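S.K.: Below are the sequence and a predicted model for it; my questions follow.
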Amino acid sequence: MTTKTNIHGGQAIVEVLKNEGVTKVFGVPGESYLNVLDALYEESSIDFISARQEGGASFMAESYAKSTGEVGVCTATRGPGATNLSIGLHTAQQDSTPLVALIGQVERNVKDREAFQEVNFVNFFKEICKWTVEINDANRIPEILHRAFHVARSGRPGPVLVSLPEDMQDDLVTETPYHPIKKSKVYPNDEDVKEVANLLKEAKQPVIIAGGGVILSEATDQLVTLSEKCSIPVATAFRRFHAFPNKHENYIGTLGLGAREELSKCIYESDLILALGTKFSQMTTDNYTLINEKSKLVHVDISEETIGRVYSPTLPIVSNVDTFLEKLLDYVEENKDEDRQRYVQNENEKYVVFSTPSKIENENYVNLKLVLEYIQNNLSEEKIITSDAGNFFSWISRYYKFDKNAQYYGPTSGAMGYGMPSAIGAKVAHPNKLVISLSGDGGFMMNPQEFETAVRYDIPIISIVVNNNLYGTIHTHQEGKFPDRVIGTRLTNPNFAEYAENFGGHGERITKNEDIAGAFERAIQSKKPAIIEILTDPKILSANHEVQLENK
């Protein structure tokens with residue numbers, strides 16, 4: 001496909017979006033990219049979803065990209081609009097999410113004079129984006145913008161920022177011999193794969209760490225086959241829950257915040273680690289202490305730059321995870337060694353004990369374990385869970401089991417305010433799936449305005465607000481480091497159920513455990529965007545803290 005000629009720059013930009021298969025654009029309208037907005041008005045195949053703040057729009061686009069596997073697109077005007085957008089770009093960078101951000105820029109003839117809302121976007125965003133570029137010649141729009149999409153989705157995916165001077169969008173495009181660039185898969189060397197098969201055969205206590213590369217390459221089925229064939233336990237990297245079905249008998253838990261100590265010990269003492277599509281983040285590795293240097297490490301990743309950045313592998317393999325597993329399955333032999341099977345069973349049993357909630361009686365506050373149990377067992381199997389960062393996440397990490405029909409999308413960057421906007425993006429991508437976000441009151445109030453976006457576009461998400469009137473995570477850190485010297489973490493909040501209703505959505509407030517089922521039933525039956533506020537005990541700061549109190 002080629003772009004039309006003798007059209008202005010804004011039209012050429014939208015033609016490229018159309019040729020790239022884009023159907024949704026998330027943004028906040030602004031005067032510095034009016035030509036693009038006008039061209040979107042004319043293009044019936046692309047929906048422009050107008051958010052209330054650019055940070056919310058970027059989270060929507062990032063989650064939409066995660067949910068579809070396609071490149072997400074977000075837009076913003078220059079200066080303040082673009083800098084508001086930065087939180088979603090940083091999230092996309094740390095989560096390896098393909099994203100293209102289109103940013104209006106000041107006119108070319110006033111640059112470098114501190115013009116109105118001027119920011120040098122190429123320099124400002126280069127540390128949190130995979131590539132940043134400014135288009136100063138309208139005839140180069142097809143070339144550069146198609147390349148931007150290619151960079152965003154190829155190799156280790158990530159965000160690309162494209163700066164669009166306002167006057168450039170008025171210029172005519174006359175020659176456009178450019179089209180979408182096909183993404184190629186990366187295949188491993190056969191000899192390396194054979195060596196991995198031998199290492200797996202010889203190992204006494206191997207373990208697999210499944211990262212985001214498993215999800216991005218849709219390799220979960222091959223990973224399950226490998227785990228079963230070779231009797232290898234599988235752990236998932238931080239916030240990559242659905243890389244492997246959590247109810248599988250070979251699953252041993254997730255790494256990161258709230259991970260059980262015995263899981264870290266299992267990996268540290270293992271003699272062979274097969275790491276698939278993970279960057280070994282600080283959270284996944286518990287401050288880079290996870291792996292014993294004496295253990296053999298096979299690190300498979302699509303990015304050469306990722307391999308060796310944290311741990312030096314015994315065998316580095318640059319490859320897509322799915323193509324690597326396809327080849328590996330041809331070479332591995334079935335391993336039903338009794339010692340190996342007993343090892344897997346023991347590690348799985350420890351995970352099951354850790355992740356099974358104790359029986360909770362009615363209390364003065366709602367127990368989050370019971371909320372998650374209800375969602376797990378009583379709502380549609382086809383569901384997507386999104387979340388903010390915050391201490392409430394520890395209950396999800398410990399107790400919720402993501403099986404083959406459930407996906408999880410959360411920010412490995414720890415960005416607050418992500419939960420509800422990301423649910424909007426996921427629901428736009430999958431309108432027939434149940435989409436539920438979980439946020440603390442602190443995180444929810446960083447982007448509450450986007451609930452109006454859900455109402456305006458009739459996007460029926462369910463947004464759970466876990467309310468303890470605290471910045472709970474920071475409160476916990478302060479208590480740990482400076483006991484009885486807490487500052488700035490106590491909050492006050494509105495009635496979130498009334499907040500939802502004021503925007504035209506559905507609102508519920510749960511104060512007792514017996515009200516959980518009815519609240520969810522009414523929220524679903526309303527067929528509206530809904531907020532369910534859950535009042536929790538401010539004295540219980542995390543799932544592990546709750547268990548400690550129960551055991552006293």
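M.R.: Sure thing, it's come through.
S.K.: tell me how far whichever strand or helix holds residue 532 is from the chain's mean position?
M.R.: With secondary structure defined by DSSP states H and E, residue 532 is part of strand 530-535. Counting by Cα atoms, centre = their mean, to the nearest Å, strand 530-535 is centred 22 Å from the centre of its parent chain.
S.K.: Who are the packing partners of that strand?
M.R.: Contacts defined by 3 or more Cβ pairs under 8 Å, 6 or more residues apart in numbering; DSSP states H and E place strand 530-535 against strand 462-467, helix 496-502, strand 506-510, helix 516-526. Placement of C-beta: from N, CA and C, glycine included.
S.K.: Point out the most buried one among these.
M.R.: Looking across the helices and strands packed on strand 530-535 with neighbours counted as mean count of other Cβ atoms under 10 Å, the highest average goes to strand 462-467: a mean of 28.
S.K.: Check which helices and strands the helix or strand containing residue 15 sits against.
M.R.: Applying DSSP H and E as the criterion places residue 15 in helix 9-19. Contacts defined by 3+ Cβ pairs under 8 Å, 6+ apart place helix 9-19 against helix 34-42, helix 141-153, strand 172-173.
S.K.: what angle do that helix and helix 141-153 make?
M.R.: Going by axes from the mean of the first three to the mean of the last three Cα atoms, to 10 degrees, helix 9-19 is angled at 40 degrees with respect to helix 141-153.
S.K.: can you tell me the average pLDDT over helix 9-19?
M.R.: The average pLDDT for helix 9-19 rounds to 95.
S.K.: do the same with stretch 299-312
M.R.: Rounded mean pLDDT across stretch 299-312 is 95.
S.K.: what does stretch 343-358 give?
M.R.: Stretch 343-358 comes out at a mean pLDDT of 93.
S.K.: List the buried residues for that stretch?
M.R.: 343-344, 347-348, 350-351, 354-355, 357 (16 or more other Cβ atoms under 10 Å).
S.K.: Select from the residues you listed every entry located in helices.
M.R.: If you go by DSSP state H, the buried residues of stretch 343-358 have 343-344, 347-348, 350-351, 354-355 in helices.
S.K.: Could you single out the nearest of these to residue 290?
M.R.: Using Cβ to Cβ, residue 347 comes nearest to residue 290 of these, at 15.3 Å.
S.K.: from memory that closest one sits against residue 249, does it?
M.R.: No - when contacts are counted by Cβ atoms under 8 Å, residue 347 is not listed as touching residue 249 (10.4 Å).
S.K.: in the stretch 1-150 of the chain, which spans are helices?
M.R.: Secondary structure of the stretch 1-150 of the chain, counting by DSSP state H, counting those that start in this stretch: helices at 9-19, 34-42, 54-68, 80-95, 121-124, 141-153.
S.K.: which ones are touching residue 235?
M.R.: For residue 235, the contacting residues are 207-210, 251-255, 263, 266-267, by Cβ atoms under 8 Å, 6 or more residues apart in numbering.
S.K.: And for residue 33?
M.R.: 10, 75, 77, 102-104, 164, 166, 169.
S.K.: residues contacting residue 295?
M.R.: The contact partners of residue 295, taken as Cβ under 8 Å, 6+ apart, are 268, 270-273.
S.K.: what's the spacing between it and residue 314?
M.R.: Distance, residue 295 to residue 314, by Cβ to Cβ, to the nearest Å: 9 Å.
S.K.: ok, now residue 326?
M.R.: For residue 326 relative to residue 314 (Cβ to Cβ), the value is 22 Å.
S.K.: ok, now residue 417?
M.R.: Using Cβ to Cβ, residue 417 is found at 41 Å from residue 314.
S.K.: between the two, which one's more packed in?
M.R.: Taking neighbours as other Cβ atoms under 10 Å, residue 417 and residue 314 compare with residue 417 leading, 25 against 15.
S.K.: Just say helix, strand or coil for the residue lying closest to that one once chain neighbours are set aside.
M.R.: Spatial nearest neighbour of residue 417, excluding adjacent residues (Cβ to Cβ, 6 or more residues apart in numbering): residue 446 at 3.2 Å. Secondary structure for residue 446, judged by DSSP: H, G, I helix; E, B strand; the rest coil, is coil.
S.K.: Residue 485 now?
M.R.: Classification of residue 485 using three-state DSSP returns coil.
S.K.: in which helix or strand would I find the residue nearest to it when sequence neighbours are not counted?
M.R.: Excluding its sequence neighbours, the residue lying closest to residue 485 (Cβ to Cβ, 6+ apart) is residue 478, at 6.8 Å. Element membership for residue 478, per DSSP H and E: helix 472-481.
S.K.: Many thanks, have a good one.
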